[in-house]
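S.K.: this one's sequence-less:
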C-alpha cells in the first residue's frame, strides 16, 4: 500500500508540473492612449490577474508582460475585462488592475474579492466587517453592514431600488444585479462583462473501477492481540455516480462535487501465539458492504487535450452490512479445541478524508471522459465499548486505507 501511495503522489506531482502551461485566450490590451490592440492574453483566476497582463500579439510568440502602469487595461472576448485604477491597498495608494463587472454611469469593480464602485470618476470601497459589540456585558461579533450605508448614499437618486439595497449581500451576483438595475433606472447604457457565462452549472457522471483496501488494527491493551496488525489487502470493484456544481461566472476552475459509490471489501488475518502449555491459532475475517459519499472541492487546470484536476475532501461511509468472524484453535499435548464467533463489534459507518488527481478528455460536445486516482483514509470499523460478555474494545484502534482507480464519463 505504501508503494501505491507513493505512485499516487508521484502521478499528482507529474500532472501538476507537466500540464501547468499558461492558458492564452483571445483578447486585447488598451494602451494609455486608449488604443485597443488585439492579441492573446494569459487567462488567470488568482491574485496575479490584478497585477500583471501577459500579452502575445501572435499566439504562441513573444510574450510581453504589462503592469497597471504600462497599459490602461486588458480583457478577453465575451469574458473578463480589467481596468487600470489607483486604489488604497493596506493604507497606501497602489496602481492595480480592477476587474470590471458592470460598466455604466455607475461601474462595479472587483479586486481580489473586495468590491468597489465608481461614480462620477470617484472610487468607493464596499465593506462589511465583523466588529465587537457588547450586550449585557457579553461580547459578540456583529457585521458592520457598511456597504448598505454606502449603497444608500450612492444609489439615492434611484428611489425604486431603496428596498432592494437594504438586504443586498456583499457578493458578486447580487451586486452585479443591483448595479445593472441602477444603470437601467438612470437610462444609461450598461455593459455586464461575463454575461454569457452562467452563474450556476451542474454536471453529472458515472464511474467504475478498482478499489484496493487495507484495514489495520492496533491492540493497545493486549485484549485483542488476535486482531493486531494489517490484514490482507482487499481488491474489489467500485462503481457509482457523481455530481458537480460550478459557478463559471465566478470561477471556471473550482467546483464542489458530491459522489456516491458502492464497494464490497473482505479482509483476513492469521495469528499464532505460544502460551507455554498450548498454542493458540486464530483466523479472523472482516467483511464490509459500503456506500461511500465523498464530498470534495476540485481544482481543474485550464482546458487542453488532457486536462488535469485535483480534489480534496471528506468521505462519509455507511455500512450496508458488516461482519467479523474469529475461529480460534487451541492445541495442547492432550487435545485440540475450536471456538468460533464474532471477532469485534463493528461500527455502522466510517468518516475520513481523501485526495485525488485525475485527467479528463473531451469525447463529444456533451461529455468528457475521465481517469481518477484517489487515496482515502477513514477512522476504522471498531465500535465503542459495549456492555456485554465480550471483551471491552476501548483500546482497540483501527483505520482503513483505500486506493481507488476509476474510469468514467461526465457531462460538461
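M.R.: Arrived safely, thanks for sending. Computed from a predicted structure; not experimentally measured.

S.K.: quick one: contacts for residue 189?
M.R.: 104, 183 (C-beta atoms under 8 Å, 6 or more residues apart in numbering). For the C-beta atoms, the positions are set from N, CA and C on the backbone; glycine is no exception.

S.K.: Check which helix or strand it maps to.
M.R.: Assessed by DSSP states H and E, residue 189 sits outside every helix and strand.

S.K.: again, but for residue 174
M.R.: Counting by DSSP H and E, the element that carries residue 174 is helix 172-185.

S.K.: Which SSE is immediately downstream of that helix?
M.R.: Taking DSSP H and E, what comes next after helix 172-185 is strand 191-192.

S.K.: Parallel or antiparallel, list what pairs with that following strand.
M.R.: strand 92-103 (antiparallel) (DSSP bridges).

S.K.: could you check the angle helix 172-185 makes with the strand it pairs with?
M.R.: Angle, strand 92-103 to helix 172-185, by axes from the mean of the first three to the mean of the last three C-alpha atoms, to 10 degrees: 70 degrees.

S.K.: which is the next helix or strand following strand 92-103?
M.R.: Next element after strand 92-103 (DSSP H and E): strand 106-111.

S.K.: contact partners of that following strand?
M.R.: Here strand 106-111 makes contact (C-beta under 8 Å, 6+ apart) with 50, 83, 85, 87, 96, 98-102, 115-119, 123, 154-155, 172, 175-176, 179, 182-183, 186.

S.K.: low-scoring stretches of this structure, by residue?
M.R.: For the chain, applying pLDDT under 70 flags the ranges 1-21, 385-394.

S.K.: Are any of the contacts of strand 106-111 buried, and if so which?
M.R.: The neighbour-count test (16 or more other C-beta atoms under 10 Å) applied to those identifies 50, 83, 85, 96, 98-102, 115-119, 154-155, 172, 175-176, 179, 182-183 as buried.

S.K.: about what we covered before: and the helix holding residue 174, how far out from the chain's middle?
M.R.: Helix 172-185 sits 29 Å away from the centroid of its parent chain (C-alpha atoms, centre = their mean, to the nearest Å).

S.K.: Run through the neighbouring helices and strands of that helix.
M.R.: Using 3 or more C-beta pairs under 8 Å, 6 or more residues apart in numbering; DSSP states H and E as the contact test, the elements touching helix 172-185 are strand 92-103, strand 106-111, strand 114-119, helix 162-165.

S.K.: Output the contacting helices and strands for the third one.
M.R.: To tie it back to what came earlier, the one meant is strand 114-119. When contacts are defined as 3+ C-beta pairs under 8 Å, 6+ apart, strand 114-119 packs onto strand 81-89, strand 106-111, strand 122-126, helix 146-154, helix 172-185.

S.K.: Save the ones you listed as a markdown table, and put in distance to residue 409 too.
M.R.: Shown next, in a markdown table, are these (distance: least, C-beta to C-beta, whole Å):
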| stretch | distance to residue 409 |
| --- | --- |
| strand 81-89 | 35 |
| strand 106-111 | 35 |
| strand 122-126 | 43 |
| helix 146-154 | 43 |
| helix 172-185 | 30 |
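
S.K.: show me what contacts the residue nearest to residue 332 when sequence neighbours are not counted?
M.R.: Nearest residue to residue 332, sequence neighbours excluded (C-beta to C-beta, 6 or more residues apart in numbering): residue 278, at 4.0 Å. By C-beta under 8 Å, 6+ apart, the contact set of residue 278 is 330-332.
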